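*Asks:* Build the 3D model from these lines:
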Amino acid sequence: MNRRHFLHASLLASSTLLVGVYAKADARIVNINDAINKSGRQRMLSQRLAKSYLQIGQSIDLPRSQKIFTLSMALFERQLADLESYAPTPENKATLADLKKTWGRYKEVLITNPPNQQDAKSVMTINEEVLALAHAATLQLEKLSGSTAGHLVNIAGRQRMLSQRMAKFYQAINWGVASSNALVNLAKARDEFLTAMAELSASPKNTLLIKQEITLAQQQWFFFDQALKSSAISNDSKVRFATNVATSSERILETMDKITGLYEQLA
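*Replies:* Purely as a prediction, here's the structure:
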């Protein structure tokens with residue numbers, strides 16, 4: 001696929017909205033919990049873009065991966081503008097300014113050429129810088145909120161990122177573009193996900209609906225975890241297992257995004 005065809009396919013895909021993650025992302029920021037949610041979603045998008053880039057390069061779940069790539073890029077830029085307009089402190093403004101610069105470098109690597117193994121190594125480096133800055137901005141907002149609800153929005157929102165981060169490392173290993181510590185980082189993300197899920201499950205703030213959604217997320221986790229542990233022995237199984245990771249990571253992301261929105265609504 002040449003660059004023009006790749007970009008054309010991505011632009012066509014942008015007309016079709018995916019469920020869940022994009023449905024409620026258009027509104028302007030209305031309060032601090034909303035800001036924490038959107039800022040936290042930027043963390044997820046940094047990983048989701050890398051994941052979808054790697055999947056496109058390997059023709060894994062290709063139509064959906066192209067949609068995810070294009071929509072994630074548009075959503076990141078739209079939310080960044082909203083967060084810049086809302087930024088409540090000089091510290092937060094400065095962090096967002098650094099994020100905007102780093103995002104520019106990340107975007108350039110993502111779209112200059114069709115996904116390829118050489119550029120994928122740069123993607124695997126720069127996405128970490130974007131993630132770190134988005135996380136710093138989110139922690140600043142959580143600290144400013146000073147509330148249990150703000151903390152829960154941050155923790156639940158970070159689960160979205162971890163789902164995409166684990167999938168990203170799997171796809172990078174699958175394509176042979178991962179760094180030597182990718183397996184360690186995948187295992188670390190898995191441990192962090194399980195620890196945070198235990199914290200969320202135990203929260204006294206949980207409503208009946210939140211409890212039901214957490215139960216669903218735990219069920220989805222089983223299938224996602226099994227997919228992550230799959231080890232291919234042939235080219236066919238390699239594609240099949242990578243597709244399972246792609247699809248199961250999307251399901252758990254959608255549920256965690258809903259849970260984050262429910263925590264956002266807590267007083």
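*Asks:* I60 contacts A246, correct?
*Replies:* Yes: look at I60 against A246 with Cβ atoms under 8 Å: they come within range, at 5.6 Å. Every C-beta, even on glycine, is put in place using the N, C-alpha and C of the backbone.
*Asks:* got any residues that touch both of those two?
*Replies:* Q171 (Cβ atoms under 8 Å, 6 or more residues apart in numbering).
*Asks:* For stretch 120-131, buried residues please.
*Replies:* By 16 or more other Cβ atoms under 10 Å, the buried positions in stretch 120-131 come out as A120, V123, M124, I126, N127, E128, E129, V130, L131.
*Asks:* Report the distance from that stretch to the chain centre.
*Replies:* The chain centroid and the centroid of stretch 120-131 are separated by 13 Å, computed with Cα atoms, centre = their mean, to the nearest Å.
*Asks:* what do you get for stretch 106-116?
*Replies:* 18 Å.
*Asks:* just stretch 234-253 next, same as before
*Replies:* Distance, centroid of stretch 234-253 to centroid of chain: 16 Å (Cα atoms, centre = their mean).
*Asks:* For it, buried residues please.
*Replies:* Result for stretch 234-253 [16+ other Cβ under 10 Å]: buried residues 238-239, 241-253.
*Asks:* N116: which of the residues you listed is nearest?
*Replies:* Of all those, N116 sits closest to A242, with 17.1 Å by Cβ to Cβ.
*Asks:* out of the buried residues of stretch 120-131, which are inside helices?
*Replies:* Under the assignment DSSP state H, these contribute A120, V123, M124, I126, N127, E128, E129, V130, L131 to helices.
*Asks:* mind putting these in a markdown table, pLDDT included?
*Replies:* Conversion of those to a markdown table gives the following (pLDDT from 0 to 100):
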| residue | pLDDT |
| --- | --- |
| A120 | 98 |
| V123 | 98 |
| M124 | 98 |
| I126 | 98 |
| N127 | 98 |
| E128 | 98 |
| E129 | 98 |
| V130 | 98 |
| L131 | 98 |
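*Asks:* Same list, the residues you listed, but as JSON lines with distance to L186 please.
*Replies:* What follows is those, written out as JSON lines (distance: Cβ to Cβ, whole Å):
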{"residue": "A120", "distance to L186": "16"}
{"residue": "V123", "distance to L186": "16"}
{"residue": "M124", "distance to L186": "13"}
{"residue": "I126", "distance to L186": "19"}
{"residue": "N127", "distance to L186": "14"}
{"residue": "E128", "distance to L186": "14"}
{"residue": "E129", "distance to L186": "19"}
{"residue": "V130", "distance to L186": "19"}
{"residue": "L131", "distance to L186": "15"}
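*Asks:* doesn't K38 make contact with L83?
*Replies:* Yes: L83 lies in contact with K38 (Cβ under 8 Å); the separation is 6.2 Å.
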